[in-house]
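J.: From the sequence below, what's the structure:
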Amino acid sequence: MTRPHDVDADGTDETGGRAAMTTADDCPDAIRRALAAHTTLTLAYTDDEGPQACAVLYATADGPAPSLVLVTAESTRHGRAFARAADAGSGARVAFTAQRDGQEWSALTGVQGRGRCHRLAGADRAAGWRTYLERFPFVAADDRLTAALERTALWEVRPEWLRLIDNGRGFGHKEEWHAP
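T.: Next comes the predicted model:
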(Lines give C-alpha, C1' and ligand atoms only; values in the text may rest on other atoms or scores of the structure.)
Protein backbone atom coordinates (compact mmCIF):
# COMPACT_ATOMS: atom_id res chain seq x y z
CA MET A 1 0.00 0.00 0.00
CA THR A 2 1.32 3.47 -0.89
CA ARG A 3 1.36 6.09 1.83
CA PRO A 4 1.35 9.87 1.25
CA HIS A 5 4.39 11.72 2.56
CA ASP A 6 2.60 13.13 5.58
CA VAL A 7 1.63 9.76 7.06
CA ASP A 8 4.49 7.90 8.73
CA ALA A 9 5.23 4.24 8.01
CA ASP A 10 3.47 3.26 11.24
CA GLY A 11 0.23 4.83 9.98
CA THR A 12 0.35 7.95 12.14
CA ASP A 13 0.19 11.45 10.77
CA GLU A 14 1.93 14.63 11.82
CA THR A 15 -0.37 14.96 14.85
CA GLY A 16 0.30 11.39 15.98
CA GLY A 17 -3.27 10.30 15.17
CA ARG A 18 -3.94 7.14 13.21
CA ALA A 19 -5.05 7.53 9.65
CA ALA A 20 -6.84 4.69 7.86
CA MET A 21 -5.30 4.36 4.37
CA THR A 22 -6.90 2.92 1.24
CA THR A 23 -6.06 2.97 -2.47
CA ALA A 24 -7.80 3.75 -5.77
CA ASP A 25 -10.60 1.21 -6.12
CA ASP A 26 -11.72 1.54 -2.54
CA CYS A 27 -12.08 5.27 -1.92
CA PRO A 28 -14.05 5.16 1.33
CA ASP A 29 -17.75 5.97 1.16
CA ALA A 30 -17.24 8.39 4.07
CA ILE A 31 -14.88 10.49 1.91
CA ARG A 32 -17.27 10.39 -1.06
CA ARG A 33 -20.19 11.43 1.19
CA ALA A 34 -18.15 14.29 2.70
CA LEU A 35 -17.24 15.60 -0.76
CA ALA A 36 -20.87 15.36 -1.85
CA ALA A 37 -22.04 17.17 1.31
CA HIS A 38 -20.22 20.40 0.44
CA THR A 39 -20.33 22.76 -2.53
CA THR A 40 -17.33 25.08 -2.09
CA LEU A 41 -13.63 24.30 -2.39
CA THR A 42 -10.79 26.45 -1.19
CA LEU A 43 -8.44 25.64 -4.04
CA ALA A 44 -4.71 26.39 -3.72
CA TYR A 45 -2.32 26.55 -6.66
CA THR A 46 0.91 28.26 -7.65
CA ASP A 47 1.87 30.39 -10.61
CA ASP A 48 4.69 32.77 -11.55
CA GLU A 49 3.57 35.18 -8.80
CA GLY A 50 3.70 32.48 -6.12
CA PRO A 51 1.09 30.54 -4.13
CA GLN A 52 -2.53 31.63 -4.12
CA ALA A 53 -5.92 30.26 -3.08
CA CYS A 54 -9.44 30.83 -4.40
CA ALA A 55 -12.95 29.69 -3.53
CA VAL A 56 -14.91 27.86 -6.24
CA LEU A 57 -18.21 26.01 -6.41
CA TYR A 58 -17.81 22.35 -7.38
CA ALA A 59 -19.82 19.26 -8.18
CA THR A 60 -18.65 15.73 -7.42
CA ALA A 61 -18.47 13.33 -10.37
CA ASP A 62 -18.59 9.63 -9.56
CA GLY A 63 -16.23 7.14 -11.06
CA PRO A 64 -13.62 4.68 -9.84
CA ALA A 65 -12.09 7.68 -8.08
CA PRO A 66 -14.10 10.79 -7.21
CA SER A 67 -13.42 13.91 -9.26
CA LEU A 68 -14.50 17.51 -8.77
CA VAL A 69 -15.98 19.61 -11.57
CA LEU A 70 -15.74 23.41 -11.45
CA VAL A 71 -16.23 26.41 -13.69
CA THR A 72 -13.75 29.25 -13.91
CA ALA A 73 -12.82 31.76 -16.57
CA GLU A 74 -9.33 31.66 -18.03
CA SER A 75 -9.18 35.42 -17.46
CA THR A 76 -8.89 34.90 -13.68
CA ARG A 77 -5.50 34.37 -12.07
CA HIS A 78 -6.27 30.75 -11.22
CA GLY A 79 -7.84 30.19 -14.65
CA ARG A 80 -4.65 31.43 -16.33
CA ALA A 81 -2.54 29.12 -14.13
CA PHE A 82 -4.80 26.14 -14.94
CA ALA A 83 -4.75 26.97 -18.67
CA ARG A 84 -0.93 27.21 -18.80
CA ALA A 85 -0.62 23.79 -17.16
CA ALA A 86 -3.35 22.32 -19.39
CA ASP A 87 -1.62 23.68 -22.51
CA ALA A 88 1.62 22.05 -21.31
CA GLY A 89 -0.30 18.76 -21.04
CA SER A 90 0.31 18.15 -17.34
CA GLY A 91 -2.65 19.64 -15.50
CA ALA A 92 -2.14 22.17 -12.72
CA ARG A 93 -1.00 20.80 -9.34
CA VAL A 94 -3.58 21.87 -6.75
CA ALA A 95 -4.42 21.35 -3.11
CA PHE A 96 -7.86 21.94 -1.64
CA THR A 97 -10.17 21.79 1.33
CA ALA A 98 -13.95 21.46 1.53
CA GLN A 99 -15.83 22.04 4.78
CA ARG A 100 -18.87 23.80 6.14
CA ASP A 101 -18.31 27.16 7.84
CA GLY A 102 -19.16 27.75 11.49
CA GLN A 103 -18.49 24.27 12.88
CA GLU A 104 -17.67 23.55 16.50
CA TRP A 105 -14.20 22.03 16.83
CA SER A 106 -15.57 18.89 18.49
CA ALA A 107 -17.74 18.13 15.44
CA LEU A 108 -15.45 19.54 12.72
CA THR A 109 -15.63 17.58 9.50
CA GLY A 110 -14.18 18.24 6.08
CA VAL A 111 -11.93 16.95 3.32
CA GLN A 112 -8.35 17.87 2.40
CA GLY A 113 -6.88 16.85 -0.94
CA ARG A 114 -4.20 17.13 -3.59
CA GLY A 115 -4.39 16.43 -7.28
CA ARG A 116 -4.31 17.88 -10.78
CA CYS A 117 -6.74 20.22 -12.49
CA HIS A 118 -7.54 19.53 -16.18
CA ARG A 119 -9.63 21.46 -18.72
CA LEU A 120 -12.60 19.41 -19.96
CA ALA A 121 -13.41 19.29 -23.69
CA GLY A 122 -15.77 17.40 -26.00
CA ALA A 123 -17.74 14.53 -24.45
CA ASP A 124 -15.94 14.98 -21.12
CA ARG A 125 -17.08 18.61 -21.01
CA ALA A 126 -20.67 17.62 -21.82
CA ALA A 127 -20.64 15.02 -19.02
CA GLY A 128 -19.02 17.49 -16.62
CA TRP A 129 -21.57 20.16 -17.49
CA ARG A 130 -24.44 17.72 -16.76
CA THR A 131 -22.84 16.90 -13.39
CA TYR A 132 -22.48 20.61 -12.60
CA LEU A 133 -26.09 21.44 -13.55
CA GLU A 134 -27.42 18.54 -11.48
CA ARG A 135 -25.61 19.94 -8.46
CA PHE A 136 -26.53 23.56 -9.15
CA PRO A 137 -29.98 23.61 -10.81
CA PHE A 138 -30.24 27.38 -10.25
CA VAL A 139 -27.70 27.77 -13.09
CA ALA A 140 -30.04 26.09 -15.59
CA ALA A 141 -32.95 28.16 -14.29
CA ASP A 142 -31.22 31.44 -15.24
CA ASP A 143 -30.74 31.87 -19.00
CA ARG A 144 -28.13 34.65 -18.65
CA LEU A 145 -26.11 32.67 -16.10
CA THR A 146 -26.31 29.50 -18.21
CA ALA A 147 -25.14 31.36 -21.32
CA ALA A 148 -22.25 32.96 -19.44
CA LEU A 149 -21.08 29.72 -17.87
CA GLU A 150 -21.39 27.75 -21.10
CA ARG A 151 -18.79 30.11 -22.60
CA THR A 152 -16.48 29.57 -19.63
CA ALA A 153 -13.87 26.85 -19.18
CA LEU A 154 -14.98 23.74 -17.31
CA TRP A 155 -12.33 22.02 -15.19
CA GLU A 156 -11.96 18.71 -13.40
CA VAL A 157 -9.81 18.18 -10.32
CA ARG A 158 -8.60 14.59 -10.24
CA PRO A 159 -7.54 13.91 -6.66
CA GLU A 160 -4.39 11.90 -6.03
CA TRP A 161 -4.82 12.00 -2.25
CA LEU A 162 -7.83 12.70 -0.01
CA ARG A 163 -8.12 12.96 3.76
CA LEU A 164 -11.41 13.07 5.64
CA ILE A 165 -11.24 14.81 9.03
CA ASP A 166 -14.22 13.91 11.24
CA ASN A 167 -13.92 14.99 14.87
CA GLY A 168 -17.52 13.85 15.39
CA ARG A 169 -16.17 10.28 15.25
CA GLY A 170 -13.42 11.12 17.74
CA PHE A 171 -10.96 13.99 18.02
CA GLY A 172 -8.43 13.75 15.20
CA HIS A 173 -10.30 10.96 13.36
CA LYS A 174 -8.92 10.65 9.81
CA GLU A 175 -9.54 8.45 6.81
CA GLU A 176 -7.27 8.70 3.79
CA TRP A 177 -7.29 7.55 0.19
CA HIS A 178 -4.33 7.61 -2.18
CA ALA A 179 -4.41 6.99 -5.90
CA PRO A 180 -1.85 4.42 -7.06
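
J.: how close does Glu150 get to Pro159?
T.: Between Glu150 and Pro159 the computed distance is 26 Å (CB to CB, to the nearest Å). No exception for glycine: its C-beta is placed from N, CA and C like everyone else's.

J.: what sits against the closest residue to Asp47 other than its chain neighbours?
T.: Leaving aside its sequence neighbours, Asp47 sits nearest to Ala81 (CB to CB, 6 or more residues apart in numbering; 4.0 Å). Taking CB atoms under 8 Å, 6 or more residues apart in numbering as the criterion, Ala81 is in contact with 45-47, 52, 92.

J.: My guess is Ala107 contacts Asn167. True?
T.: Yes - between Ala107 and Asn167 there is a contact under CB atoms under 8 Å: 6.0 Å.

J.: what about those two, which has more around it?
T.: Asn167 (17 against 11; other CB atoms under 10 Å).

J.: wait, isn't that one in contact with Trp105?
T.: Yes - Asn167 sits in contact with Trp105 when judged by CB under 8 Å, with a separation of 6.6 Å.

J.: taking the contacts of Ala81 one by one, which sit in helices?
T.: Among those, DSSP state H puts none in helices.

J.: Which members of these are the farthest-apart pair?
T.: Across the contacts of Ala81, the longest distance by CB to CB is 11.5 Å; it joins Gln52 and Ala92.

J.: Quickly list what's touching both of those two.
T.: By CB under 8 Å, 6+ apart, the residues touching both Gln52 and Ala92 are 45, 81.

J.: okay, those two: which has more neighbours?
T.: Remark: of Gln52 and Ala92, Ala92 carries more neighbours, 23 against 13, as counted by other CB under 10 Å.

J.: Look up the closest residue to that one, ignoring the ones flanking it.
T.: Ala85 (3.7 Å).

J.: List the residues that contact the one you found.
T.: 91-93, 116-117.

J.: Identify all contacting residues around the lengthiest helix in the chain.
T.: Criterion DSSP H: the longest helix present in the chain is helix 122-135. The contact list for helix 122-135 (CB under 8 Å, 6+ apart) reads 39, 58-61, 69-71, 120, 139-140, 150, 154, 156.

J.: Pull the most distant pair out of these.
T.: Pairwise over the contacts of helix 122-135, using CB to CB, the maximum falls at Thr60 and Glu150, 20.7 Å.

J.: Compare the two (neighbour count), which wins?
T.: Thr60 (20 against 12).

J.: you'd agree the more buried one is in a strand?
T.: Yes - assignment of Thr60 by DSSP: H, G, I helix; E, B strand; the rest coil places it within a strand.

J.: just checking, it touches Pro66?
T.: Yes - with contacts counted by CB under 8 Å, Thr60 reaches Pro66, the gap being 5.7 Å.
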